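Undergrad: prediction below, plus the sequence it came from.
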Amino acid sequence: EPIPLQHGAHRTGKRMDADMAKWRGYGLGQFIHWGLYSILEGKYKGKYYNGAAEWIRSWKEVPNAEYDVLNKQFNPATFNATAWAKMAKQMGVKYLTFTTKHHDGFCLWPSKYTDYTIESSPYKKDIVKEVVDAYTKEGIDVYLYFSIMDWHHPDWRYDLKTKEDSIAFDRFKLFTKNQLTELLQRYPQTKGLWFDGTWDNSWKKSGAFTDSLEQYLKSLVPGLIIGSRLRADEKGNRHVDANGVLMGDYEQGWERKIPKTYADVHGNDWDCVMTIPENGWGYAEKWMGHWKTTNELIEMTAQCVSLGGNFVVNFGPKADGSFRKEEIANAKEIGEWMKINSDAIYNCEYAGWEKQDWGYYTKKRGEDKVYMIVFNVPLSGSLKIKPSANYVVEKATLLEGKQQLSTEKLDYGASFIQLPKGKTFVKPFVIVLDIKPVKQQEEAGP
Ligand SMILES: C[C@@H]1N[C@@H](c2cn(-c3ccccc3)nn2)[C@H](O)[C@@H]1O
């Protein structure tokens, strides 16, 4: 029996309006983390920080006072938002999530609620506006990242232990509401907000406020999309309320991790935000350890879309606004792959067929079309498929080149798809299955 909640989820199941349907079909997105941390490049006085570079202010060797004056240096004179947007367009991303204010409290827009903004830097100009305008012009929807936690603001509190804490945090909550109002009014093209920095007790104790804030923001921009990281219910639960129902338009818990099975997504919409190095969102001069190849990023994209989610790749530009060569290469190569194969990614959903070793299935929303995104070609040269019992496969075709492939029926509703003899595949590729719904077939007895 669900417990009565004033500030828990106000909707069960997916949001089914047109704005959310568009979000659901994006498939591939870009995250960009850019700010004062980009100046330090993950190092300080010759020592390298192997944590996330955008958290370097929290590094014990970095005096806060020294970090906090970096705004006096920030001056990306050659920054070109149009070049960013064109790189993203070529990559095939459908949406951007961009850092307006990260945990350090520095605002990339000229907020009138604090002096700690781009206006106090030599650059002066409104970076958020440049980015929103350039990406919108390229037809890429823009979502604004906003960190509730603000290390620079004197009224920020990790917890509310004293009366003074609560008085300060009340001021902070008003400051937050004012900044969010400002962002939505200055950048009306914004399709949604991506909240971060909401894991501390102060926020968990503000469930009622988080609920009223979300409703207020949606009253300003009907259709605004906000994930599950903003809210807390009145019991301090985050993401899902005390009754286990998701609070927000989509599950925002998949940071640097991907669900293993469809069961893990609990019927919610979701996105996975992913760094190219193992961890680290802001620019770091040295990527220590592993960083993902283009094929790994393509596979993660396929994996996410095959489980009904979107995959968002993070880029961390240098302080001058340029991208490192590895990120430029990833964007270019992903774009080349998407140019040929994006049918299997855009407006696709979970197919519900038994996963096979060769890769992932996606299904075109509303059409009798299933895509096989193949990463592992078996030595046998045959790809086994087992459609769900309510479909039969009418035709199998290579997406690139449209060559039809022969299929052999096996028992128990399975089939083998023969790959063309002598053809070697050196990149992930897609097979299109034209399918036909059939009534449930009884499995033949022994
Ligand atoms: C989207 C990503 N979220 C920020 C983050 C959050 N966390 C974190 C890590 C451990 C506990 C709670 C929060 N680490 N990094 C990163 O700085 C980046 O902005």
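TA: Sure thing, it's come through. None of these values were measured; they are calculated from a predicted model.
Undergrad: do you know how far residue 299 is from residue 261?
TA: For residue 299, the distance to residue 261 equals 16 Å [C-beta to C-beta, to the nearest Å]. Backbone N, C-alpha and C define where each C-beta goes, glycine included.
Undergrad: element containing residue 329, please.
TA: Assessed by DSSP states H and E, residue 329 sits inside helix 325-341.
Undergrad: what sits up against that helix?
TA: Residues outside helix 325-341 that contact it (C-beta atoms under 8 Å, 6 or more residues apart in numbering) are 28, 87-88, 90-92, 276, 287, 291-292, 294, 297-298, 301, 313, 315-316, 323, 345, 373, 399-400, 427-430.
Undergrad: ok, back up a step: neighbour count winner among residue 299 and residue 261?
TA: With neighbours defined as other C-beta atoms under 10 Å, residue 299 and residue 261 compare such that residue 299 has more, 20 against 8.
Undergrad: can I get the helix holding residue 329 in CSV, CA atoms only?
TA: Listed in CSV are the C-alpha atoms of helix 325-341, where the atom choice follows Å, rounded to 0.1, in the frame of the first residue of the first chain:
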residue,chain,number,x,y,z
LYS,A,325,42.9,16.0,-30.6
GLU,A,326,41.5,12.8,-29.1
GLU,A,327,38.0,14.3,-28.7
ILE,A,328,38.1,15.8,-32.2
ALA,A,329,38.9,12.4,-33.6
ASN,A,330,36.2,10.7,-31.6
ALA,A,331,33.6,13.2,-32.8
LYS,A,332,34.7,12.9,-36.4
GLU,A,333,34.7,9.0,-36.4
ILE,A,334,31.4,8.7,-34.5
GLY,A,335,30.0,11.1,-37.1
GLU,A,336,31.3,9.0,-40.0
TRP,A,337,29.6,5.9,-38.4
MET,A,338,26.4,7.8,-37.7
LYS,A,339,26.2,9.1,-41.2
ILE,A,340,25.9,5.4,-42.4
ASN,A,341,24.1,3.9,-39.4
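Undergrad: report pLDDT for the closest residue to residue 7 other than its chain neighbours.
TA: The shortest distance from residue 7 to any residue other than its chain neighbours is 4.0 Å, reached at residue 211 (C-beta to C-beta, 6 or more residues apart in numbering). According to the model's per-residue confidence, residue 211 sits at a pLDDT of 98.
Undergrad: ok, now the one 10 residues further on?
TA: Among the per-residue scores, residue 221 holds a pLDDT of 98.
Undergrad: that one reaches residue 187, doesn't it?
TA: No: using C-beta atoms under 8 Å as the test, residue 221 is too far from residue 187 to be in contact (10.2 Å).
Undergrad: so the two - more neighbours on which side?
TA: residue 187 (20 against 17).
Undergrad: please consider this matter closed, and thank you.
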